[in-house]
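> give me coordinates for this.
(one chain, ligands or ions: 1)
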Amino acid sequence: MNMDCTVSPAPEALIEERQGSIQTKGKSKGHISCTSDSLAGAVSQRACVYCGARVVLNPVTDAVHLVHGPIGCATYTWDIRGSLSSGPEMYRNSFSTDMKERDIIFGGEQKLAACIDEIVAKHNPPAVFVYSTCVVGVIGDDLISVCKEATLRHGIDVIPVESSGFKSGNKVVGYRAAAEALMKLIKPAEGHVIEPTKKLNFLGEYNLGGEMWVVKKYLREMGIELNVAFTGDSTVAALKQAPGACLNLVQCTGSMHYVASQMEKVYGIPYMDVNFFGAENTADSLRKIAAFYGDEEIMRRTEALVERELSRIRPDIERYRKKLAGKRAAIYVGGAYKAAALIRQLKELGVEIVVTGTQTGKKEEYENLSSLLSNGAILVDDANPAEIEKFLREMKVDVMAGGVKERVLAYKLGVGFIDHNHDRKECLAGFEGAVNFAREVYTTACSPVWKHLKTPREVSL
Ligand code: SF4
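Next up is the predicted model:
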């Protein structure tokens with residue numbers, strides 16, 4: 001293996017228009033600039049609106065995900081947006097209308113209708129999500145009418161997801177498109193009543209490495225039943241039972257707060273934020289859930305579970321904590337809930353967090369992140385690779401937590417990397433996940449490989 005890494009010199013200056021999106025804790029005044037479209041030409045790490053929608057909906061395991069657009073958009077598949085299923089595997093296929101020049105000139109509605117008919121005839125799915133892409137938005141195909149007619153023809157849900165990539169420079173708009181689609185899917189048919197239950201829904205959990213199964217196991221031990229997760233390891237039939245839950249847990253707030261607030265408005269289901277990344281977060285979340293039920297037996301079982309699990313994992317966490325003393329970390333992830341969880345987890349391991357950023361954080365979420373960091377730490381919204389590179393070098397980062405687009409950058413700079421991407425296969429949730437996470441931080445931050453690498457940091461010093 002060639003361990004030499006050739007890199008360009010560190011970028012010296014930031015793009016002027018980006019200055020408001022970067023803050024140094026203790027030095028910067030005012031609010032960080034966020035929730036705006038990405039700056040054209042700044043090479044944002046964000047994905048497009050269509051990808052935002054696909055991230056949310058793709059884990060519905062038995063639905064067909066049909067991309068109305070050129071074949072290139074359909075490369076965003078299960079391989080990129082991974083999630084585990086306990087049964088159906090339909091979601092691992094990628095269907096596309098494969099629009100060509102002719103369709104773009106004369107319109108793609110007929111082709112789309114024919115594709116839906118063919119898919120239904122061959123696969124008989126319970127639902128089809130039809131995603132619009134840039135080209136479809138430009139030529140103005142009437143997705144809503146085509147889907148409506150297909151629904152009547154086939155007697156299943158054919159749901160348009162209005163996610164043309166150019167609609168916004170912020171993939172959060174794609175989360176909203178997915179949320180609208182989910183609200184349509186779970187709406188009970190006329191005359192059909194979903195009976196209320198004592199079960200809960202778990203929103204913003206995508207079961208990448210089996211996280212939903214871990215939480216389901218804890219809930220069962222506490223005496224609580226999970227109704228359905230949105231959308232990890234879900235099925236169309238299970239999602240349709242969602243209005244019967246008595247509580248919505250929300251983990252990924254960026255993608256699911258809208259759904260939770262809509263379900264509160266339409267079905268009267270209250271919601272609470274939870275977080276199962278890290279031992280302390282897990283313990284706090286389980287206790288919060290138990291308190292909601294207010295049942296003494298549930299609270300007793302919860303305390304027993306938390307105490308048992310914390311004592312079980314304590315020696316492992318302590319062992320890794322000793323090895324990680326003095327390490328410095330950077331975090332760059334999609335949503336602020338994940339960044340906050342990572343800060344807490346890394347702090348539990350004695351790691352100092354010197355850079356934190358997100359693709360989609362909101363003003364109040366950045367205020368919360370800032371409150372968790374020490375003076376001198378950098379906060380960045382919607383970063384680009386040049387900024388990440390600059391901060392990794394300047395802040396002398398040993399280990400970075402991020403997604404697929406940050407992984408290569410970190411490795412090229414001789415920085416350890418903790419994978420929090422959509423295609424991750426290791427479970428990082430719950431008490432067992434906290435140990436997996438600590439092991440991963442240790443193995444990458446303390447890997448002997450970095451000693452043999454001529455790092456850019458050495459070059460520039
Ligand atoms: S929807 Fe647009 S931006 Fe997104 S992948 Fe397709 S062409 Fe690219």
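> surely Asn227 forms part of a strand?
Yes: under DSSP: H, G, I helix; E, B strand; the rest coil, Asn227 falls within a strand.
> hang on, it packs against Lys240?
No: Asn227 is beyond contact range of Lys240, at 10.9 Å (criterion: Cβ atoms under 8 Å). Quick note: C-beta positions are derived from backbone N, CA and C, even for glycine.
> which SS class is Gly191?
Following three-state DSSP, we place Gly191 in the coil state.
> looking at it now. What's its pLDDT?
Gly191 carries a pLDDT value of 90.
> please report phi then psi for it.
With angles defined as degrees, to the nearest 10, Gly191 sits at phi 80, psi 0.
> one more: Gln241?
phi -90, psi 0.
> just give the number of residues close to it.
Neighbourhood size, Gln241 [other Cβ atoms under 10 Å]: 18.
> now Glu307
Quick note: Glu307 (other Cβ under 10 Å) scores 11 neighbours.
> one more: Gly294?
8.
> quick check: it vs the ligand, distance?
46 Å (Cβ to the nearest ligand atom, to the nearest Å).
> figure out the helix or strand that the nearest residue to Gly244 once chain neighbours are set aside lives in.
Once flanking residues are discounted, Gly244 sits nearest to Ile194: 4.3 Å by Cβ to Cβ, 6 or more residues apart in numbering. Under the criterion DSSP states H and E, no helix or strand holds Ile194.
> quick check, Ile194 in contact with Leu239.
No: in this structure Ile194 lies outside contact range of Leu239 using Cβ under 8 Å: 11.2 Å.
> the two: which is more packed in?
Taking other Cβ under 10 Å, Ile194 and Leu239 do not tie; Leu239 has more neighbours (23 against 14).
> packing partners of the host helix or strand of the more buried one?
With elements taken from DSSP H and E, the one containing Leu239 is helix 236-240. Helix 236-240 sits against helix 172-186, strand 226-231, with contacts defined as 3 or more Cβ pairs under 8 Å, 6 or more residues apart in numbering; DSSP states H and E.
> just give the nearest non-adjacent residue to the closest residue to the ligand within the chain, would you?
Closest residue of the chain to the ligand, Cβ to the nearest ligand atom: Gly165 (2.6 Å). Nearest non-adjacent residue to Gly165, counting by Cβ to Cβ, 6+ apart: Cys48, 3.7 Å away.
> for Asp295, same thing?
Gly223 (7.4 Å).
> same check, this time on Ile119
Val64 is the one closest to Ile119 (Cβ to Cβ, 6+ apart), at 5.5 Å.
> my guess is the one you found contacts Asn93, does it?
Yes: counting by Cβ under 8 Å, Asn93 is a contact partner of Val64 at 7.5 Å.
> if I look at the nearest residue to Val397 once chain neighbours are set aside, how far off is Glu365?
Closest residue in space to Val397, ignoring its immediate chain neighbours: Ala330 at 4.5 Å, by Cβ to Cβ, 6+ apart. For Ala330, the distance to Glu365 equals 18 Å [Cβ to Cβ, to the nearest Å].
> tell me which of these two has more neighbours.
Shown here are Ala330 and Glu365; by other Cβ under 10 Å, Ala330 has more neighbours (26 against 22).
> helix/strand/coil for that one?
Per three-state DSSP, Ala330 ends up strand.
> in the sheet, who's paired with it?
Note on Ala330: beta-bridge partners by DSSP bridges are Val355, Met400.
> ok, it - contacts?
353-356, 388, 391-392, 395, 397, 399-402, 415 (Cβ atoms under 8 Å, 6 or more residues apart in numbering).
> please parse the chain into its domains.
16-30+324-460, 49-186, 200-304 (automatic domain parsing).
> phi, psi for the nearest residue to Cys34 once chain neighbours are set aside please.
Distance criterion Cβ to Cβ, 6+ apart; nearest residue to Cys34, sequence neighbours excluded, is Asp381 at 4.1 Å. Phi and psi for Asp381, reported as degrees, to the nearest 10, are phi -110, psi 140.
> touching, Asp381 and Thr358? I think so.
Yes: look at Asp381 against Thr358 with Cβ under 8 Å: they come within range, at 6.6 Å.
> of these two, give the one with the bigger neighbour count.
Counted by other Cβ under 10 Å, Asp381 and Thr358 do not tie: Thr358 has more neighbours, with 28 against 25.
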